[in-house]
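Engineer: I would like to see how this sequence folds:
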Amino acid sequence: QLQESGPGLVKPSQTLSLTCAVPGGSITTNYSYWNWIRQPPGKDLEWMGAIAYSGSTYYRPSLKSRTSILRDTSKNQFTLQLRSVTPEDTAVYYCAGGRVVNPRKDQGSWGRGTQVTVSS
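Structural biologist: Numbering: from 1, shown residues only. Next comes the predicted model:
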């Protein structure tokens, strides 16, 4: 199972940074895609972006200007950076991997999620 890690509290205007560890698999496996998805309180899941096995990246258009997804192949993990956060970025953040970009909850492997609160 994938495992998210990072701070649970971030101040407004700062950068949120979360890492997803991928045990038992490789993020460079052909045709694999590694996603970040979030769920704000009371709202639906929102796909944020993904990095492919090749290193190519895909972003939700509305978040593209603030989002970067990076990877460390030596550690087999990938990272989300969300800049200039506001309280509206408060959510449970999930990482998910598999054969598709923007997976459904029943597709691929998901982490348990980590709560991130944006507050001063």
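Engineer: Give me the most central residue, this structure.
Structural biologist: Nearest residue to the geometric centre of the chain (Cα atoms, centre = their mean): W36, 2.4 Å.
Engineer: Would you agree that one is in contact with V92?
Structural biologist: No - using Cβ atoms under 8 Å, W36 is not in contact with V92, being 11.6 Å away. Just so you know, the C-beta spots here come from the backbone N, C-alpha and C atoms, and that holds for glycine as well.
Engineer: in which helix or strand would I find the residue nearest to the centre of the chain?
Structural biologist: Using DSSP states H and E, W36 maps to strand 33-39.
Engineer: Which strands and helices lie in contact with the following helix or strand past that strand?
Structural biologist: Moving toward the C-terminus from strand 33-39, the next helix or strand (DSSP H and E) is strand 46-52. Applying 3 or more Cβ pairs under 8 Å, 6 or more residues apart in numbering; DSSP states H and E, one finds that strand 46-52 makes contact with strand 33-39, strand 57-59, strand 67-72, strand 77-82.
Engineer: Adjacent strands (with direction) for the shortest one?
Structural biologist: It stands for strand 57-59. Sheet pairing for strand 57-59, assigned by DSSP bridges, gives strand 46-52 (antiparallel).
Engineer: ok so, going back, which strands and helices lie in contact with the strand holding W36?
Structural biologist: Here strand 33-39 touches strand 16-21, strand 46-52, strand 67-72, strand 91-98, going by 3+ Cβ pairs under 8 Å, 6+ apart.
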